[in-house]
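Student: Build me a structure from this.
(one chain, ligands or ions: 2)
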Amino acid sequence: MSTIARVRGRRVWDSRARPTVEAEIVLDTGAIGRAIAPAGASTGSGEAVDLRDGGTRLGGHDVTHAVHHVTTEIDAALRGMDIRDQAAIDRRLIELDGTPQKSRLGGNALTAVSMAALHAAAAAARVPLYVHLARGRKLRIPLPEIQILGGGAHADRRVDIQDFLVTCPSASSFAEAMERTGEVYLAAGRLMRERGHAYGIADEGGWWPAFDTNEEALDLLMRAIESAGYTPGQEVHIALDIAASEFGRDGRYKLGLEGRELDRDGMAELLMGWIERYPILSVEDPFAEDDPDGFCRFTAAVGGRVQVIGDDFLVTNAARIAKAAASRLANCVLIKPNQAGTITETLAALEAARTAGFAAIVSARSGETEDTTIVDLAVGWNAGQIKVGSIARGERTAKWNALIRLEETLAGEATFAGWSALPGSPAPAGAPESQAT
Ligand code: 2PG
Ligand code: MG
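Tutor: Numbering: from 1, shown residues only. Ligands and ions are numbered 1, 2, ... in the order given. Take a look at the predicted model:
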C-alpha cells in the first residue's frame, strides 16, 4: 500500500494568462502525481466555485489563498491516506471544505488535488492513468467535437452563440477525424481572410467571429466544409454550443448581435430552423439553466435525431442528471471534473448519465493548460466523446495529440467510437460500474 506523504500547491498559469492551481502529491514510495485545475468563463450557477483572491492584482483572479489551502489544510488532512482509495480521499476533501459548492477551500484547489491523487495512484501502480481507470474494461477512442469559430463569452460576445464546432462520426479513426477537422479549420481561416476578417482567435483557439449575424457564422462554416472538399452532413457534421444561459433569463433570450429578443418559442423556432437547414448533429445548452421547460420541449421535438447536451444546466452533478433523465430534459451530458470538484463526483455524474441512457462528452474548459487528465478520463471511463475547444493552441493540441498517441498505442484493443458515441446507440460494453475510479 502506498500512502500520501505530502501535498503541495503551486500557482501556475492558464491559457487566458490567469493564475490557476497546480497540486502535487508525493507518496511514501517517492511516486508523484501532479495536476492543474482548468477554469470556465461561461459557468453554470450550480458548479463548484473557484477560490480567487479578488482585489485588483491580476484582475482579481489570483489564487494564492487556494494554493495556500492545498499546502496547509489539505496537506495535513490527506497525509497517510491510502492512495488507492480515491473515494475516501475525495470524501475527506469534501468534508474538509464543508460548503455546498466548495467555496471555502476552492473548487480549483479540490479539483487539482483530486486529479493529482488519481495520477499518483496510477504512478504507484506503474500504469498509465487510462489503464488505472479502465480496470480491464473495453476501451473506445472518443469521438471529438472540435471548435472552428469561437463566440459568446469566449470572444467578447462578438456573436451570441458560443461554439461553432464540427464532428466527424463517419471517420474511420480519430486521426482521420482530426485530419478532416484540420482541413475545415484551415479553409475557414482562408475564407475569413478573404472577407478581410482574419483578426485572430477566440479563447479556445477557434477563429474570431467577425460576423453581423449568427447565421453568417453558420454559412461560413458550411462553406469551409465544402471548400475543404467535404460534403456537409456526410464527412463533416456541425455541432453548436449555444451556451444560452449567457443571454437568456426568465424564458427571454436577447440576441445582442442581431438586436432582437426572443421568447422560449421563438428561440426553439430559431434553433429548429437551423437544424432543418444545416447538418447539425449536436446542440449544447439550447436554453438557459433556468429554463427546464425549454429544454424538455426541445428534446421532445428533436432529441430523436439530434444530440441535446446539458452543460451549465447539469453541471456534472449526478442528482441533477438523474432528475433531468426523469423529465427527458436532454439526451447527453457534458462531464467537466472542475464543475463537480472531485473525481469521485465526476464519475458519479457519468454513471448517472449511463443509468439515464444519456450519451456523455468529457470536456475541457475555456481556460486550460497543458494538463491532459481529461484525455485519460475520456478513454479510461469509455465516455465516448470529448470536447477540447479548437484544433489550434497548445493547451488544446496537448489533448488531441495525446489521443493520437493513444489511438496508435491501443491499435487492435480500442476502436474509434464514431457513431456509437451518439445518443440512441446501445450502451458501450464496459461502462463504468459503481466504484471509486
Ligand atoms: C463550455 C465550455 C467549454 P467554459 O461551455 O462548454 O467550451 O466553456 O469553460 O467557459 O464553461
Ligand atoms: Mg457549454
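Student: what pLDDT, on average, does stretch 251-269 get?
Tutor: Averaging pLDDT along stretch 251-269 gives 95.
Student: Quick check: end-to-end length of it?
Tutor: Terminal residues of stretch 251-269 are spaced 14 Å apart (Cα to Cα, to the nearest Å).
Student: Please state the offset of it from the chain centre?
Tutor: Averaging C-alpha positions (Cα atoms, centre = their mean, to the nearest Å) puts stretch 251-269 26 Å from its chain's average.
Student: buried set for it?
Tutor: 251, 253, 255, 257, 262, 264, 267-268 (16 or more other Cβ atoms under 10 Å). For glycine as for every other residue, the C-beta is placed from the backbone atoms N, C-alpha and C.
Student: and the residue of the stretch 151-300 of the chain found nearest ligand 2, how far is that from ligand 1?
Tutor: Nearest to ligand 2, among the residues of the stretch 151-300 of the chain, is residue 241, at 4.4 Å (Cβ to the ion). Distance, residue 241 to ligand 1, using Cβ to the nearest ligand atom, to the nearest Å: 5 Å.
Student: right, and that residue touches residue 163 too?
Tutor: Yes - between residue 241 and residue 163 there is a contact at 3.6 Å, judged by Cβ atoms under 8 Å.
Student: any common contacting residues for the two?
Tutor: 152, 284 (Cβ atoms under 8 Å, 6 or more residues apart in numbering).
Student: Now for residue 306: which residues touch it?
Tutor: Contacts of residue 306 by Cβ under 8 Å, 6+ apart are 275, 280-283.
Student: redo that, cut-off 10 Å
Tutor: Neighbouring residues of residue 306 by Cβ atoms under 10 Å, 6 or more residues apart in numbering: 239-240, 271-272, 275, 280-283, 286, 298-299, 331-332, 422-423.
Student: what's the burial count for residue 25?
Tutor: Residue 25: 31 surrounding residues under other Cβ atoms under 10 Å.
Student: how about it, what does it touch?
Tutor: 4-8, 31-35, 70, 74-75, 78, 81, 83, 89, 112-113, 115-121, 123 are the contacts of residue 25 under Cβ under 10 Å, 6+ apart.
Student: mind running it again at 6 Å?
Tutor: Counting by Cβ atoms under 6 Å, 6 or more residues apart in numbering, residue 25 touches 4, 7, 33, 116-117, 120.
Student: center of the protein - which residue?
Tutor: In the chain, the residue lying closest to the centroid (Cα atoms, centre = their mean) is residue 363, at 1.6 Å.
Student: per-residue confidence for that one?
Tutor: On pLDDT, residue 363 comes in at 98.
Student: Tell me what it is bridged to.
Tutor: residue 387 (DSSP bridges).
Student: Phi, psi for residue 416 please.
Tutor: phi -70, psi 130 (degrees, to the nearest 10).
Student: For it, grab the count of nearby residues.
Tutor: By other Cβ under 10 Å, 22 other residues sit near residue 416.
Student: now do residue 277
Tutor: By other Cβ under 10 Å, 12 other residues sit near residue 277.
Student: Kindly report the same for residue 179.
Tutor: Using other Cβ under 10 Å, the number of residues around residue 179 comes to 13.
Student: where's it, which helix or strand?
Tutor: helix 174-194 (DSSP states H and E).
Student: repeat for residue 8
Tutor: strand 4-13.
Student: Quick one, grab the pLDDT at the residue in the stretch 1-150 of the chain that ligand 1 sits nearest to.
Tutor: Nearest residue of the stretch 1-150 of the chain to ligand 1: residue 40, at 3.2 Å (Cβ to the nearest ligand atom). Listed pLDDT for residue 40 reads 97.
Student: what bridges to residue 146?
Tutor: Beta bridges link residue 146 to residue 166, judged by DSSP bridges.
Student: From ligand 2, how far off is it?
Tutor: Distance of residue 146 to ligand 2, given as Cβ to the ion, to the nearest Å: 14 Å.
Student: let's number from 207 now, not from 1
Tutor: Okay, using 207 as the starting number, the last item reads as residue 352.
Student: wait, isn't that residue in contact with residue 387?
Tutor: Yes - taking Cβ atoms under 6 Å as the definition, residue 352 is a contact partner of residue 387 at 4.6 Å.
Student: Of those two, give the one with the bigger neighbour count.
Tutor: Under the criterion of other Cβ under 10 Å, the comparison of residue 352 against residue 387 puts residue 352 first, with 29 against 25.
Student: measure that one to residue 596 for me?
Tutor: Between residue 352 and residue 596 the computed distance is 6 Å (Cβ to Cβ, to the nearest Å).
Student: Same question for residue 391.
Tutor: Counting by Cβ to Cβ, the separation of residue 391 from residue 596 is 7 Å.
Student: what sits in contact with each of residue 352 and residue 387?
Tutor: Shared contacts of residue 352 and residue 387 (Cβ under 6 Å, 6+ apart): 372, 597.
Student: count of residues packed around residue 519?
Tutor: So residue 519, with other Cβ under 10 Å, has 30 neighbours.
Student: near ligand 2, which residues of the stretch 407-556 of the chain show up?
Tutor: Proximity of the stretch 407-556 of the chain to ligand 2 (Cβ under 5 Å from the ion) is limited to residues 447, 490, 517.
Student: Appreciated, that's everything.
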